[in-house]
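A.B. asks: Quick one, what's the 3D model for this:
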Amino acid sequence: MRKPVSHSITNRLCALQAAMVVLAISLMAFAPPAEGRMIILPLSPGATTGLVNDLHSLDARPLDGGPLPGSVVVVANRADLFMNMLWTGRLVIAAPNAGCGRT
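C.D. replies: Numbering: from 1, shown residues only. Now for the predicted structure:
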């Protein structure tokens, strides 16, 4: 005879599944566009060093300071920018229209 499944295990699995759905939706919301406005977020204090030169070499056009200290809103191509910024300790996310240099 099979042992019944505990309600605590079922509740934990439901909570895990809900957390994964929220994570997936969050990742889609912050995924940078293929081309257009993006925010560069430094992941460490040293990640801001040389940022302007790096952006220039990748043909990214800075628009304004971002919503967080050290962040920058740019117009760029994700394919050119994303991995280069990640390797230098910077995260690239989508720039929402509200609060990021556009009114």
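A.B. asks: how far out from the middle of the chain is whichever strand or helix holds residue 17?
C.D. replies: Using DSSP states H and E, residue 17 maps to helix 7-30. Distance of helix 7-30 from the chain centroid (CA atoms, centre = their mean, to the nearest Å) equals 19 Å.
A.B. asks: Likewise for stretch 34-52?
C.D. replies: With CA atoms, centre = their mean, you get 11 Å for stretch 34-52.
A.B. asks: Repeat that for stretch 68-75.
C.D. replies: Using CA atoms, centre = their mean, the offset of stretch 68-75 from its chain centre is 12 Å.
A.B. asks: Just the mean pLDDT for it, thanks.
C.D. replies: Confidence for stretch 68-75, expressed as mean pLDDT, is 92.
A.B. asks: where does the protein dip in pLDDT?
C.D. replies: 1-7, 98-103 (pLDDT under 70).
A.B. asks: Report the buried residues of the longest strand along it.
C.D. replies: For the chain, the longest strand by residue count, based on DSSP state E, is strand 35-42. By 16 or more other CB atoms under 10 Å, the buried positions in strand 35-42 come out as 37-42. No exception for glycine: its C-beta is placed from N, CA and C like everyone else's.
A.B. asks: show me what contacts the closest residue to residue 45 other than its chain neighbours?
C.D. replies: Distance criterion CB to CB, 6 or more residues apart in numbering; nearest residue to residue 45, sequence neighbours excluded, is residue 70 at 7.9 Å. The neighbours of residue 70, taking CB atoms under 8 Å, 6 or more residues apart in numbering as the test, are 41-42, 45, 47-48.
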